[in-house]
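Visitor: task: produce atomic coordinates for the following.
(3 chains)
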Amino acid sequence: MLEIPAKDFSLQATLSSGQAFRWALLSGWYYGFIGPSVLKIRQVNGSLQYDTSDAALTPERIRHYLALDLDLADILRQVDVDMQVHQAIVHHRGLRVLRQDGWETLASFICASFNNIKRIEGMIERLCQAYGDPVALTPPPFAGPKGPAHRAESPLATAKGGGVNGFRGFSFPRPQTLAAASERRLRSLGLGYRAPYLKATARLIDEGKLRIDHLRCVEYDAAKTALLGCDGVGDKVADCVALFGFEKYEAFPIDVWIERAMRYYFRHKPMTRQRLHDYARQHFGPYAGYAQQYLYHDIRTAHATSVPC
DNA sequence: CGCCAGGTGCTGA
DNA sequence: TCAGCACATGGC
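Guide: I've put the predicted structure just below:
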């Protein structure tokens, strides 16, 4: 069991706010992946406790993924410019924008279009089971005298005799794997009409026509333009990928929930998404993406009855 | 059953 | 440029 101090941070708000689709909450612990490394983590007051069987997953790597190096107080001070976002900040203080793998984020949000989060999670999990590699979180050398591992019910934790707590997951498929997948099989996983989009985008990367890792080093506009060249990637998905996968904090993804939240600023006047996007960027500034994530999470959790997590 | 979901691509004006 | 429409699927 290892520990990381984490000030001004909420693991639960961060992992359940719809930016990542592969974290499973089992008996108070979140199980998931950072890149190819499997991780078990929970927050106890101001401290993160975690376990991993991958030596490559250093505390620094975890801190980077969770964006604990950023000065959240400073960021929130910049975007706390009206009552609506102020309330969202009060409700979910500690929510941070993750630094996820770029390819995984791109593929995930292609699947996310015109879809709901429950089904997105299922689609991505089936995609990983079909095309990823099995990865187990192996038991620690000196397992305590705890009772038998609980039976997990999440699809992430199968009963196939995985490591500690029965956890066994699958790594995210590589681009070349999905580029070679058949559209029919992708459809059989429930991807629907997104199947050819995902395959085409995977092929674009596999053929070297989109150097995706390079997008981390370029400006927001250049990254977005490049992402828009992918099949199944429009304005909204490109912004999600830029924000969650490539640290472009100016990105302001507008989906149906954010569109609803934005009506607050325009007294329900009908506005195009382009207009809302322009307004949001000048209203919230260079960390507009943080404002967006707080607004998104707040409006969804306000609909408490129908929102999971 | 009908409606909704972290929309995109295509078409025709 | 922009409104209007089809698109797969499953949860509620």
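Visitor: now the host helix or strand of A:Gln49: how far from the chain's centre is it?
Guide: Assigning secondary structure by DSSP states H and E places A:Gln49 in strand A:47-51. Taking Cα atoms, centre = their mean, to the nearest Å, one finds strand A:47-51 lying 19 Å from the centre of the chain it belongs to.
Visitor: can you name the residue of the stretch 101-250 of chain A nearest DNA strand B?
Guide: A:Gly234 (2.5 Å; Cβ to the nearest atom of the strand). Yep, even glycine has a C-beta here, placed from its N, CA and C like the rest.
Visitor: was I right about that residue contacting A:Leu228?
Guide: Yes: A:Gly234 sits in contact with A:Leu228 when judged by Cβ atoms under 8 Å, with a separation of 7.2 Å.
Visitor: for chain A, what lies in contact range of DNA strand C?
Guide: Selection of chain A residues close to DNA strand C by Cβ under 7 Å from any atom of the strand yields A:114-116, A:118-119, A:122, A:187, A:190, A:192-193, A:272, A:274, A:306, A:308.
Visitor: redo the residues you listed as TSV? Include pLDDT and neighbour count.
Guide: Below are those laid out as TSV (pLDDT from 0 to 100; neighbours: other Cβ atoms under 10 Å):
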residue	pLDDT	neighbour count
A:Phe114	97	10
A:Asn115	97	14
A:Asn116	97	10
A:Lys118	97	10
A:Arg119	97	13
A:Gly122	97	15
A:Arg187	98	14
A:Gly190	98	14
A:Gly192	97	14
A:Tyr193	98	10
A:Thr272	90	8
A:Gln274	93	10
A:Ser306	45	7
A:Pro308	46	10
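Visitor: narrow those residues to those in helices?
Guide: Those of those mapping onto helices are A:Lys118, A:Arg119, A:Gly122, A:Arg187, A:Gln274, per DSSP state H.
Visitor: so how far is A:Met271 from A:Leu295?
Guide: As judged by Cβ to Cβ, to the nearest Å, A:Leu295 and A:Met271 stand 15 Å apart.
Visitor: and those two? which has more neighbours close in?
Guide: Taking neighbours as other Cβ atoms under 10 Å, A:Leu295 and A:Met271 compare with A:Leu295 leading, 26 against 16.
Visitor: just for the stretch 51-200 of chain A, where's the confidence low?
Guide: A:139-166 (pLDDT under 70).
Visitor: enumerate the residues of it near DNA strand B.
Guide: A:Phe109, A:Ala112, A:Ser113, A:Phe114, A:Asn115, A:Asn116, A:Ile117, A:Lys118, A:Arg119, A:Ile120, A:Tyr193, A:Tyr197.
Visitor: assign A:Arg42 to helix, strand or coil.
Guide: strand (DSSP: H, G, I helix; E, B strand; the rest coil).
Visitor: ok, now which ones touch it?
Guide: Applying Cβ atoms under 8 Å, 6 or more residues apart in numbering, we find A:Arg42 in contact with A:Leu11, A:Gly28, A:Trp29, A:Tyr30, A:Leu48, A:Gln49, A:Tyr50.
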